[in-house]
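1. the sequence and its predicted three-dimensional model are supplied below.
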Amino acid sequence: MYKVISLKEPVVNLNFGDIGLYSIILIEDFYEYLKSSSNLRGNINGYCKKYKVGMLFMVPNVDPGSTFLENNEFMLKNIQPRQYAGNFFINTTSAIPFITKKCLKLEIIQPSTNSWTFFNTSPYFSSILSVNSTDSLSVVIKDDGLYDDVEKVFFGGSIDYWVIQLLFHDTILYFEPRLKIKFSRERYLQIDIDDIFVGQQGTRIVAEDVDHLIKSQQILRKSIDNFSYTLGFSGYFFRKGNILEEKGDEYLIEKKDNFLWFPHMWKHNHAQDHDEPYLKAVMTQNRLFAENFKLPLIKGYAVSPQHIGVYPILDYLYNAWKEIWDITITSTEEYPHFKPMGARRGFKYNNISILPRQTCGLYTHTLYYHAYPGGYQTFLDNIFGGNLFFSILLNPYNVFMTHQQNYAHDRLAEYTFRNIVNFFKCYTNINFKWVESDILRNKYFETFPEEQKIIWTNPCDDTRHIKMLSPKYNCVDISLPNLLIIGPQKTGTTALANFLKLHPDVGANDLLEDSFEEVQFFSSDYKYEKGIYWYSSFFKNARNQSKKIIFEKTANYFDHPTAPLTTSSLLGNPFIVIVLKDPVFRAYSWYQHMRFHNDPVANKYTFEEVMLSNNTDTIKLKSRCFTPGRYAYHLLKWLRYYPPSKIITIDADSLLGEPSKTISLLVKRIGLPEFNFTSVIKYNDNKGFHCAVIEGHSKCLGRSKGRKYSQLMMINLKRSVSQHIPETNDYIGVVNYTNQVFRRAVKNGFEFTLMVVGESGLGKSTFLNTLFYTELEKYEDNVIPSTNKVVSKSFYLTENKVKVKLTLVDTPGFGDSIDNTNCWKPIMEYVDSKYSQYLGEETKIDRKKKIPDERVHLCLYFIAPTGHSLREIDVKFMKNLHDKVNIIPLIAKADTLTAAEMSRFKANILRDIEKHGIKIYQFESDGNDENGQSYSRVPYGVVCSNHIVETKTGKKVRIREYPWGVVEVDNLKHNDFVAMKEVLLRKHLIDLICDTANVHYENFRFNQLSGPFKGSNVDCDPMSQMEAENKILEEQFETTKKNMEKVFSEKVIDWELRLKERENKLAAVEREQRQLLQSKRERLDQLTKEIQDIKTSMGYNENASSKSSPGEKKKKSSTLGLFHRNTKHEI
């Protein structure tokens, strides 16, 4: 979610109640920001300070004037615009670089013009990207917020330059670290080669190109594990080129097992030009071709030529794919639109997953370097910091489209991908990976689950999509509404729709059998999947009648979570009409509506009981009564997608009392001519409300509409529902203390750190995933590796508006070592280090208002299910930890013991704990029997798994399956997992946090502060810390050096191979020329000899002829010219 605001506005609203809506503030022009009102700047600064939000400033390359800069509140002075940059250096100590390598150094800067803005060194700022090794002049700097507690980053270079784009990307991740889960350092590449065998003669690959393609694949595998090109074939064109290209086709088939293959289309057919039977026929031919040559196919993957039929969707293409090829995955560059490239998304339709496809600047006509559109430099710019670079940077999953012509002639594709991968390896921390298409699909939708549902767009708004429509459909046939009445329910929307239709220029959708006047397209997944042609069919009559305003009324759009997005995506910018009624009255009206329809819950409970209780029977009805009345919450969602000028609110009371006046105002607002509604809207005494008058007859709503309630009764209802504080004189108000604590928790959130300790192989990491019902960690092949060091990771969870920063600490299993002596030492050091860190922040003179709390609040100690008693190592481990952290013992893999064995094992463990004086956490009893039962299960025997199955009754349960049966994770009859989770998370979480702060931390604090040598940690002195940091920097330098040497050696090898190849070619040419010269010499010698023989045979003597008379000479010369060299003569 983002919002664009003008700096000319006096103030801006960035939060909703106590909830901050934005995690980053980007200022496009630093100088314009300084010129804005102090109220606006104070508003933004206060928001950033309150919600810990970072700010990004783009500093234009202009001279702002020295006086202007002297008066700014950023301590940012001596800005130097229009500078030349010859070098760039990344500050290795900066916290910003994530994708960018910290050892990055650029010695040749492009553009080399005076397009850079420099910042001088300042104690308030740290350098991120400098123009010299001393960091005295920088292009990108960071304000750590020392004077106003707001972190800021200033950019003095153009966002179009690749290193600035890298750091901009990293800054976003720094200020919003949750994005690192989706945009990590991994990039998946799949390179499709379309149009195999397709192309005009003279443009296709030959046998030599096939060898180069194999070589290119081998080179890429050095940087991308298991990489394979994927080839899309059209079998009809096999051996349809010239002689060399036909041999190339044959050689490619001979080398087919080096690649993976997918079907394109038999004759490169465009799906829009054919019907379903024809597509099935040509797909069958292509399949027979693949089977005949035994092509190694990618399972379930295909690409439609020019992506036609994928989006905009042609259903018969999907049907044919499923029947002939059993396709489950495809890709397209057209969803939702071709441009902007960064906005391409995936979706699922008809059980086929569609991945976004990227372009790399190469098409069927780009065959030569010299003929590249825009010239050779444009080609290079695309790779080294251009669109291709940005595409890979911004997309974790990349399916690239290339064509077989790009691997012929100058082989531009091979050069492109070899160099882009090396470029990323050289300057970034990105790791490239390749996986098969089905795995890539799974990873994509695990990362972006919100993209699984298709979001329809109007094809008539996109010129590319118009050309891809089937002749059966065209833009004339697509009619969509330009006004929506969205609700909420029970506010009078039906009456509003009936009255609005009385205007001669207004039309509505046709009626439906199942939902009468409401189409419910955007609120029903079943109807939404029917597509835009189904939806538009309900407005054809209104369009044929040339109505200026065509509307749809569906009252549950207002509170539907995705309706604002889906409506704006398809309809563009229609008018949105909302009818607002007192939310309590609206809720009561809905309650009565459900009673009218004989809802059993509404018939059983009164309205007050439904609204004021948390009974599981009433929770659903309560939600439908309450949720649509959260007007501000829902209006905010609609305002994210529509400008205020397009949202029209109508007072329900005005609509009820003065409908003609209310509708007239609405008509004027939407730009229609005036109409006398008074003549067609009349009050009906029998009904007790206004009705439409059509052809002289009153047409009123049904008996379920327009119910009347006593005004006094409604006032009493509102009072009872809205106010629940005792109204007695002796009411003090302290009863609301818990509500105040809750509000504070909602506002600030809290932090909780959980550590798991125990022997290797007991499933500690699996337990963490099971406890929070999610994959906090994901592992390939479902095998969770052993933890070999203390690892902590933080996750941000939100439940019912309460935010928690959850830190999970996984520790090395002590069974991994042969010698387990002092195996608890690294864990104790970790716990102490977090106490020291908190103490250091707490004792600062100028400390933060809220100190980050990474102290360990709970240690879950895992005990192996031996069935006997505690082992010696368990006793020692817990005794060393129990004075430092709250300990609760768990028995891992409880399903390996019978119920009787588990009972005896628990008794033995408790006996050993008491015997050795081990302090485990004691829960404070609240007098609840349930709590007592939960405590009696300590130590908890747990089974962990996130494997979900659906029972015959439709219930989804987490289980572990064995040959002998099934163990349910969340079944108290099978293990104690539910009881453990209930006690830890629902009842005693705050107790654990408080006990850590008030007991364990206070003991640590006392030991540290009571004497100069107590609890001191000699390993953390400044010199040791500096040495450790230097060691890390040296290791980073060595790693970088090795990487650079590797890249350099690869480049040297590449050039050596090129030189060797060129040398061989020159040697071959030389041999050929020498042979030609030798043959000409031999021929010359032969001709010389023949001439000499002729002279000899004629008795010709050079000396004699020289003495003869001129007349004789002339006679002999003319005679000699009569003889042929191959003719025998006799004299």
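-> Received it, and whenever you're ready, just let me know what you need.

2. so where do the strands sit in the stretch 1-150 of the chain?
-> Ranges of strands in the stretch 1-150 of the chain, per DSSP state E, counting those that start in this stretch, are 15-16, 19-20, 24-27, 54-58, 80-83, 88-90, 105-106, 116-120, 125-130, 137-143.

3. and what of the stretch 401-550 of the chain?
-> Going by DSSP E, counting those that start in this stretch, the stretch 401-550 of the chain shows strands at 431-433, 483-487, 506-508, 549-553.

4. packing partners of the last one?
-> This points to strand 549-553. Judged by 3 or more C-beta pairs under 8 Å, 6 or more residues apart in numbering; DSSP states H and E, the packing partners of strand 549-553 are strand 483-487, helix 493-500, strand 506-508. Where C-beta positions appear, they are placed from N, C-alpha and C, glycine not excepted.

5. buried ones in the longest one?
-> Along helix 493-500, these residues count as buried under the neighbour rule (16 or more other C-beta atoms under 10 Å): 493, 494, 495, 496, 497, 498, 499, 500.

6. just send the residues you listed back as TSV, with distance to residue 893 and pLDDT too.
-> Listed next are the buried residues of helix 493-500 as TSV, based on distance: C-beta to C-beta, whole Å; pLDDT from 0 to 100:
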residue	distance to residue 893	pLDDT
493	58	93
494	60	91
495	64	92
496	63	95
497	62	94
498	66	92
499	68	94
500	66	96
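
7. buried residues, stretch 587-596. List them.
-> Result for stretch 587-596 [16+ other C-beta under 10 Å]: buried residues 587, 588, 589, 590, 591, 592, 593, 594.

8. actually stretch 219-236, not the one I wrote
-> Neighbour-count burial for stretch 219-236, counted by 16+ other C-beta under 10 Å, picks out 219-220, 223-224, 227-236.

9. closest to residue 107 among those residues?
-> residue 223 (23.5 Å; C-beta to C-beta).

10. tell me the secondary structure at that closest one.
-> Taken by DSSP: H, G, I helix; E, B strand; the rest coil, the conformation at residue 223 corresponds to coil.

11. wait, it touches residue 421, no?
-> Yes: if you go by C-beta atoms under 8 Å, residue 223 and residue 421 touch, sitting 4.9 Å apart.

12. which residues do these two both contact?
-> residue 432 (C-beta atoms under 8 Å, 6 or more residues apart in numbering).

13. related to what we said a few turns ago, a markdown table for the buried residues of stretch 219-236, including secondary structure and distance to residue 243?
-> Formatted as a markdown table, those follow (DSSP: H, G, I helix; E, B strand; the rest coil; distance: C-beta to C-beta, whole Å):
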| residue | secondary structure | distance to residue 243 |
| --- | --- | --- |
| 219 | helix | 29 |
| 220 | helix | 31 |
| 223 | coil | 36 |
| 224 | coil | 35 |
| 227 | coil | 32 |
| 228 | coil | 29 |
| 229 | coil | 25 |
| 230 | strand | 28 |
| 231 | strand | 22 |
| 232 | strand | 25 |
| 233 | strand | 21 |
| 234 | coil | 20 |
| 235 | helix | 20 |
| 236 | helix | 19 |
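
14. what is the most widely separated pair among those?
-> Pairwise distances across the buried residues of stretch 219-236 peak at 35.7 Å for 223 and 236 (criterion: C-beta to C-beta).

15. so residue 851: helix, strand or coil?
-> Using three-state DSSP, the structure places residue 851 in coil.

16. next one: the one 10 residues further on
-> Secondary structure assignment for residue 861 (three-state DSSP): strand.

17. with residue 889 instead?
-> Relying on three-state DSSP, one would call residue 889 strand.

18. for residue 285, what are its contacts?
-> Counting by C-beta under 8 Å, 6+ apart, residue 285 touches 235, 236, 266.

19. pLDDT averaged over the lengthiest strand in the chain, what's the number?
-> Determined from DSSP state E, the single longest strand within the chain is strand 186-196. For strand 186-196, mean pLDDT is 97.

20. buried sites along that strand?
-> 187, 188, 189, 190, 191, 192, 193, 194, 195, 196.

21. partner strands of it, with direction?
-> Strands that pair with strand 186-196, judged by DSSP bridges, come out as strand 230-233 (parallel), strand 397-403 (parallel), strand 431-433 (parallel).

22. enumerate the positions of the shortest one that are buried.
-> Neighbour counts using 16+ other C-beta under 10 Å place 432, 433 of strand 431-433 among the buried residues.

23. which residues touch the residue nearest to residue 205 when sequence neighbours are not counted?
-> Nearest in space to residue 205, with sequence neighbours left out and distances taken as C-beta to C-beta, 6 or more residues apart in numbering, is residue 408 at 4.4 Å. Taking C-beta under 8 Å, 6+ apart as the contact definition, residue 408 lies against 203, 204, 205, 206, 209, 367.

24. hmm, back to that, can I get the helices and strands packed on strand 549-553 in JSON lines including distance to residue 336?
-> Output for those, formatted as JSON lines (distance: least, C-beta to C-beta, whole Å):
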{"stretch": "strand 483-487", "distance to residue 336": "20"}
{"stretch": "helix 493-500", "distance to residue 336": "30"}
{"stretch": "strand 506-508", "distance to residue 336": "28"}
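
25. quick one: which of these is nearest residue 277?
-> strand 506-508 (38.2 Å).

26. ok, back up a step: any idea how far the residue nearest to residue 205 lies from residue 365?
-> From residue 408 across to residue 365, the span is 12 Å (C-beta to C-beta, to the nearest Å).

27. ditto for residue 829
-> Residue 829 sits 64 Å away from residue 365, going by C-beta to C-beta.

28. check residue 695 too.
-> Distance from residue 695 to residue 365, by C-beta to C-beta: 65 Å.

29. these two: who's more crowded?
-> Shown here are residue 695 and residue 365; by other C-beta atoms under 10 Å, residue 365 has more neighbours (13 against 5).

30. which non-adjacent residue is nearest the more buried one?
-> Nearest to residue 365 is residue 405, by C-beta to C-beta, 6+ apart, at 7.7 Å.

31. what is the burial count for that neighbour?
-> 24.

32. against residue 198, how distant is it?
-> Residue 405 sits 9 Å away from residue 198, going by C-beta to C-beta.

33. before we move on, what about residue 665?
-> 62 Å.

34. equivalent analysis for residue 686, please.
-> Using C-beta to C-beta, one obtains 75 Å as the distance from residue 686 to residue 198.

35. could you do residue 128 as well?
-> From residue 128 over to residue 198 the distance is 48 Å, taken as C-beta to C-beta.

36. any idea of the mean pLDDT for stretch 1071-1088?
-> On average, stretch 1071-1088 scores 87.

37. which stretches of the stretch 351-500 of the chain form helices?
-> Secondary structure of the stretch 351-500 of the chain (DSSP state H, counting those that start in this stretch): helices at 376-383, 387-394, 412-427, 437-447, 463-467, 493-500.

38. now do the buried residues in the longest one.
-> With burial defined by 16+ other C-beta under 10 Å, the residues of helix 412-427 counted as buried are 412-418, 420-425, 427.

39. repeat that for stretch 874-881.
-> Buried residues in stretch 874-881 (16+ other C-beta under 10 Å): 874, 875, 876, 877, 878, 881.

40. which member of those is positioned nearest residue 163?
-> The closest of those to residue 163 turns out to be residue 881 (C-beta to C-beta; 47.6 Å).

41. how far away is the closest one from residue 918?
-> Separation of residue 881 from residue 918 (C-beta to C-beta) stands at 9 Å.
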